[in-house]
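Undergrad: could you look at this predicted model? Sequence included:
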Amino acid sequence: MRIYFSLLFLAFPILLFSQVNSAKEIDYNTKYNSSDSIKKKKAPEATIDMYQIISLNKDTTYIDTTQSIRKAYGHNYLRKDNFGLLSFTNIGQTYNTLQYGLNGFSPYPGFGFTAKQFNYSKAEEIRYANVATPVSELYFKTTIQRGQSTDVYFTVNTSPRLNFSIAYKGLRSEGRYINQESKTSNFRFTTSYNTKDGRYVVNAHYVGQKIQNEENGGISNVSEFESDDPEFDNRDRLGVYFEDAMSVLKGKRFFVDQTFRINPKKGDNNLYVTEQFNYEDTYFNYTQETVPSSVGGEIVDRYGESFVTSGINDRTSYNKMYNKAGLVYENMTLGAFTFFIDDLHSNYFYNNILYLDSETVPNLLSQAINTIGGQYNYRKGKWNGKFLYSKSITDQNLSNLDASAVYDINDENQISFRYQNMNKLPNNNYNLYQSSYRKYNWSNDFVNEKINSISVNADTKWVSLSVQLNSINDYLHFADISTDAESAAGTQIVAPAQYGKAINYASLKIAKEFVVGKFALDNTLLFQKVDQSDLILNVPEFVTRNTLYFSDYMFSKRLFIQTGFELNYFTSYYSNSYNPLIGEFFVQDKVEIGNFPLVDFFINAKIQRTRFYLKAEHFNSLFSKNNYLSAPDYPYRDFLIRFGIVWNFFN
């Protein structure tokens, strides 16, 4: 019910601004002539460059209402192209990662519980707006069984220098398996302001997010799913490990980024003071009313022995306050030189200290990190470059070197380079975790990960190429440490681990579209190779997406339509498995997944600024074997027809 009230509240400005003035209303943009007749002033027309979307790094794009196959790839729960991610059965669940390095790296310690954070908006992902007239966007898409997925966005400039935006993204999807319902909500509010002379600029946002999933722990007997027995076509008949478990990731964030120019007028040499503030309060909660699982009439302790006989309620809390102050010298010929110092205070905690037989697990991991650094930015002609180096002045030994350069050959061709050398602190849940399950308690002191990364990207009108080379030392991961006896009994014990040997990763990604008349074939191919002594960083060697489609205008060019088939495929490999208790994926070497095609049929259409999407997802599952898994014990979704729409309003 709250979702509908929120949608009504957010849609009200849309309805208000989209109304046509009644003839009885007074039009103040009029002028009376000598004969008392009324002449309307011609309203100025807004151009596309007056509708700007601005990132935290001040990169600017424009609101795009066109329809293309690339835009269609982003019509999903994440609202972005999810190539390299394999979704779970229900919408709003987690994703298995097929492409390493897809989410980037940060030297700072994170909260952890990364499997829950695919739809958790980070500060650098929030976009700000500057628009000539009020703009609204409505996104809607059907889900699995009962539910809906929606994203409503509204932005307005009350003056050329002051912008506000408000957005709400909500989801409810019941799913087809026992105990699998997803409920998520993401509220976003942003504001931007700059003085008339551009001397002061500020961007700020508030974000409140909640990701709630019923967790069934996967199906307890995969052979029943793979048997092709019609009895199990009703997925409710497949047994699962948990029928009353649930996980919740909830957080709120206040963020401010501001810049002030010291010299009153901008000239060839300018001096700025910058400041960035970020406060975030987050928690992860896992609940499970019934502790033992019933599998085939037998009792299974899925996560081992528990301190309680019922009512598992594991809660991990986290808050952080981040401040960054900088001084920038800008020379219009040489570029911008920035010197900064930052301060990070974080608390990761539980309610009680835990005393086990042989060790004590503390209830608090508190960190105070200070770093200093410098950054050089250059933008001249066809070149755009950045060089950043930062290092901690406290005891954590954090460091980050990040150098990049972009060369714009012309409007259609661009080449970019990036090198990153990072000494990365572990996420907090590697070093501390408490649970009602006895073997899911630990206190560690892992060393930093060392990451070297080189990437080269070429976006041209002929082909897009991306090469990535990574070298990782002291790689942190979660591992299955179950004994043979525990595995045979259906028990799964997962713990953090650090790999002391080097891991080398290489990938080549190629994207190319072939067009013949009104037909087109869009291809994205990813080749990956990992050099390692043990199976630790596991990815499929080959991932591909191929879309064959037809495009044309109809009804005197009032309707634009695209229809065709999309194929997704990846080779078999030892996929990471998912553990809902800790909200993480973990390394395993017993079950391979992959080597099955996922074929969708789609119809996309556009009328004015309204885009329609109809897709028959994974329709080949109607006649293929049931061998499709997103992770061990977690099937990929079955055949499903879904409908969606994106509707933009410009006043």
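TA: The structure has been received and is ready for your questions.
Undergrad: where does pLDDT dip in the protein?
TA: Scanning the chain for pLDDT under 70 picks out 1-44.
Undergrad: just the helices from it, written as ranges.
TA: Taking DSSP state H, the helices of the chain run over residues 2-17, 69-73, 222-226, 428-431, 484-488.
Undergrad: the shortest one - contacts with which helices or strands?
TA: It refers to helix 428-431. Helices and strands touching helix 428-431, by 3 or more CB pairs under 8 Å, 6 or more residues apart in numbering; DSSP states H and E, are strand 335-349, strand 494-499. To be clear about C-beta, it is placed using only N, CA and C from the backbone, and glycine gets the same treatment.
Undergrad: list the strands paired with the longest one, with their directions.
TA: Right, the one you point to is strand 335-349. Strand pairing for strand 335-349, determined by DSSP bridges: strand 310-331 (antiparallel), strand 364-380 (antiparallel).
Undergrad: show residues contacting the shortest one.
TA: What that stands for is strand 364-380. Strand 364-380 has contacts (CB atoms under 8 Å, 6 or more residues apart in numbering) with 108-109, 333-350, 384-394, 396, 398, 400, 425, 428, 431-432.
Undergrad: ok, stretch 259-277 next?
TA: Counting by CB under 8 Å, 6+ apart, 197-202, 254-258, 322-333, 338, 340, 342 sit against stretch 259-277.
Undergrad: name the residues of that stretch that are buried.
TA: 259, 261, 270, 272, 274, 276 (16 or more other CB atoms under 10 Å).
Undergrad: what's the most distant pair in the residues you listed?
TA: Across the buried residues of stretch 259-277, no pair lies farther apart than Asn270 and Gln276, at 19.0 Å, counting by CB to CB.
Undergrad: contact partners for the spatially most central residue of the chain?
TA: The centre of the chain sits closest to Phe118, judged by CA atoms, centre = their mean, with a distance of 4.2 Å. Residues in contact with Phe118 (CB under 8 Å, 6+ apart) are 78, 85, 94-95.
Undergrad: which of those are buried?
TA: For the contacts of Phe118, a burial check counting by 16+ other CB under 10 Å picks out 85, 94-95.
Undergrad: from those, which land in strands?
TA: 85, 95 (DSSP state E).
Undergrad: now the buried ones among the contacts of Phe118 in JSON lines, with distance to Glu541?
TA: Formatted as JSON lines, these follow (distance: CB to CB, whole Å):
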{"residue": "Leu85", "distance to Glu541": "17"}
{"residue": "Thr94", "distance to Glu541": "23"}
{"residue": "Tyr95", "distance to Glu541": "19"}
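Undergrad: closest to Ser436 out of the buried ones among the contacts of Phe118?
TA: Closest to Ser436, out of all of those and judged by CB to CB, is Thr94, at 22.2 Å.
Undergrad: which residues touch the nearest residue to that closest one once chain neighbours are set aside?
TA: Nearest non-adjacent residue to Thr94, counting by CB to CB, 6 or more residues apart in numbering: Ala115, 4.5 Å away. Taking CB under 8 Å, 6+ apart, we find Ala115 in contact with 94, 578, 583-585.
Undergrad: and Val406, by the same measure?
TA: 383-385, 414-417.
Undergrad: from Gly583, how far out is the residue nearest to Thr94?
TA: Using CB to CB, to the nearest Å, we find Ala115 at a distance of 5 Å from Gly583.
Undergrad: now Leu398. Nearest residue, chain neighbours left out?
TA: Leaving out its chain neighbours, the residue that sits closest to Leu398 by CB to CB, 6+ apart is Ser392, at 4.0 Å.
Undergrad: what bridges to that neighbour?
TA: Ser392 has these beta-bridge partners by DSSP bridges: Thr371.
Undergrad: that one: neighbouring residues, count only.
TA: Ser392: 21 surrounding residues under other CB atoms under 10 Å.
Undergrad: which two among the contacts of Val406 are spaced furthest apart?
TA: Top of the distance list for those (CB to CB): Gly385 and Gln414, 13.3 Å.
Undergrad: ok so, going back, any of the contacts of strand 364-380 buried? List them.
TA: Of these, these count as buried by 16+ other CB under 10 Å: 108-109, 335-336, 338, 340, 342, 344, 346, 348-350, 384-388, 390, 392, 396, 398, 400, 425, 428, 431-432.
Undergrad: would you map the strands across the stretch 201-350 of the chain?
TA: Ranges of strands within the stretch 201-350 of the chain are 245-261, 269-290, 293-295, 298-300, 310-331, 335-349, based on DSSP state E, counting those that start in this stretch.
Undergrad: and the fifth one with strand 245-261, angle?
TA: What it means is strand 310-331. Counting by axes from the mean of the first three to the mean of the last three CA atoms, to 10 degrees, strand 310-331 lies at 20 degrees to strand 245-261.
Undergrad: okay, strand 310-331 in PDB with CA atoms only?
TA: The C-alpha atoms that make up strand 310-331 are tabulated as PDB, following Å, rounded to 0.1, in the frame of the first residue of the first chain:
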ATOM      1  CA  SER A 310      14.500 -21.400  17.000                       C
ATOM      2  CA  GLY A 311      14.300 -17.700  16.100                       C
ATOM      3  CA  ILE A 312      17.600 -17.000  14.500                       C
ATOM      4  CA  ASN A 313      18.000 -13.200  14.400                       C
ATOM      5  CA  ASP A 314      21.500 -12.100  13.300                       C
ATOM      6  CA  ARG A 315      22.000  -8.400  12.900                       C
ATOM      7  CA  THR A 316      25.100  -6.600  11.700                       C
ATOM      8  CA  SER A 317      25.200  -2.800  12.000                       C
ATOM      9  CA  TYR A 318      27.500  -0.300  10.300                       C
ATOM     10  CA  ASN A 319      27.900   3.500  10.100                       C
ATOM     11  CA  LYS A 320      30.500   5.700   8.600                       C
ATOM     12  CA  MET A 321      31.300   9.400   8.300                       C
ATOM     13  CA  TYR A 322      33.600  10.500   5.500                       C
ATOM     14  CA  ASN A 323      35.000  14.000   5.000                       C
ATOM     15  CA  LYS A 324      37.300  15.100   2.300                       C
ATOM     16  CA  ALA A 325      38.800  18.600   1.900                       C
ATOM     17  CA  GLY A 326      40.800  19.800  -1.100                       C
ATOM     18  CA  LEU A 327      42.600  22.800  -2.500                       C
ATOM     19  CA  VAL A 328      42.600  23.100  -6.400                       C
ATOM     20  CA  TYR A 329      44.800  25.300  -8.500                       C
ATOM     21  CA  GLU A 330      43.500  25.600 -12.100                       C
ATOM     22  CA  ASN A 331      45.500  26.900 -15.000                       C
END
